[in-house]
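Q: I need the structure of the sequence given here:
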Amino acid sequence: MTRPSKGASALAKFLTYALGSRPDEFGLVADSRGFVPIKELVKALRVEEGWRHLREAHLKEVALTVVPCPVEMEEGLIRASARERLPRKRIPEALPKLLYIAVRTRAYPTVSEKGMKSGSRPHLILSSNREMALKLGHRIDTDPVLLTVNVAQSLDNGTDYKQYGEFLYLADAIPATTFSGPPLPKEKPPANKPQKPQPAPRNPNPGSYFPEFHGDAEASRSDRSKGGKGRKKGAEWKKARKMERKHKARQQRH
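A: Below you'll find the predicted structure:
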């Protein structure tokens, strides 16, 4: 078997603690079999000093090279091999007055109106520590919104809590009337659509100057208005006038 690297040996010790003793310190909640999603583990550990380089491949290296193997992996899940010290979900003896939870910025308006529900997730994860709540929020949003839950009000509205480890509290739902947050972002007014330029009204009689016609020009205009027939009559009239002038000229010569 391949000998583990120094990095794999150090990671194995760290995973034994993080998965087998205090997952709550890293904002992780193990299921009933002790498993947590690998993606969640990687997100949680990459914000810790010295583990920012962590990838799933490093976890696989530990599983393949470190003996005895400190972890067990299956279908996107991972757990510690030794889980005797793993915390269990329990009914808290006493609850803090305030709990914190972070939500996506885009979801904040809806959450403010309708409250929070676990939905497809096993539970909502809240913390008595503001920094821990923000750490959890940064796993889902680069700029999460931190909400403050009034525990007494939430209990009066039917919320049940379970405690996990020292810092985490689990709930199925938090009513909208029992938490507070920053002011909601103002709605942007609808953008005014640029108005299309209106076309200038068309003049039913284009042009404002009508030239006057006299004499033959007026007759020519009249001929044109009558089509080809008018033009033909005008030509015959001119021909007759021309022949009449020639006839008078011959008579004068004789």
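Q: And the strands in the stretch 1-150 of the chain, which stretches?
A: For the stretch 1-150 of the chain, the strands defined by DSSP state E, counting those that start in this stretch occupy 36-37, 71-74, 77-80, 98-103, 116-117, 124-127, 145-150.
Q: and the nearest residue to residue 180 once chain neighbours are set aside, bridged to which residues?
A: Spatial nearest neighbour of residue 180, excluding adjacent residues (Cβ to Cβ, 6 or more residues apart in numbering): residue 148 at 5.3 Å. For the C-beta atoms, the positions are set from N, CA and C on the backbone; glycine is no exception. Assessed by DSSP bridges, residue 148 has beta-bridge partners residue 100, residue 180.
Q: what about residue 148, how many neighbours?
A: 14 (other Cβ atoms under 10 Å).
Q: same question, residue 83
A: Considering only other Cβ under 10 Å, residue 83 is surrounded by 15 other residues.
Q: How about the one 3 residues further on?
A: Each residue near residue 86 was counted by other Cβ under 10 Å, and the total is 16.
Q: Worst mean pLDDT across the helices and strands of the chain, which element?
A: Counting by mean pLDDT, DSSP states H and E, the chain has its least confident helix or strand at helix 215-225, which shows a mean of 51.
Q: which stretches of this protein form helices?
A: 6-20, 38-45, 56-65, 108-114, 130-138, 151-156, 215-225, 228-253 (DSSP state H).
Q: Averaged pLDDT, the last one. What do you get?
A: Confidence for helix 228-253, expressed as mean pLDDT, is 66.
Q: where does this protein have low pLDDT?
A: 1-2, 187-235, 237, 246-254 (pLDDT under 70).
Q: how about a cut-off of 50?
A: In the predicted model, the chain carries pLDDT under 50 at residues 208-210, 212-213, 217.
Q: Distance of the spatially most central residue of it relative to residue 143?
A: In the chain, the C-alpha nearest the mean C-alpha coordinate belongs to residue 106, at 7.5 Å (Cα atoms, centre = their mean). Using Cβ to Cβ, to the nearest Å, residue 106 is found at 10 Å from residue 143.
Q: next one: residue 67
A: Residue 67 is 44 Å from residue 143, by Cβ to Cβ.
Q: Same question for residue 83.
A: 36 Å.
Q: what sits against residue 40?
A: Neighbouring residues of residue 40 by Cβ atoms under 8 Å, 6 or more residues apart in numbering: 28, 139.
Q: ok, 7 Å please
A: residue 28 (Cβ atoms under 7 Å, 6 or more residues apart in numbering).
Q: do residue 63 as well
A: With Cβ under 7 Å, 6+ apart, residue 63 has these contacts: 69, 71, 73.
Q: Show me how to select, in PyMOL, the buried members of those residues.
A: Only the buried entries of the contacts of residue 63 go into this PyMOL selection, using 16 or more other Cβ atoms under 10 Å:
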select buried, resi 71+73
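Q: Can you convert the contacts of residue 63 into CSV and add a column each for distance to residue 30?
A: Output for the contacts of residue 63, formatted as CSV (distance: Cβ to Cβ, whole Å):
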residue, distance to residue 30
69, 18
71, 12
73, 14
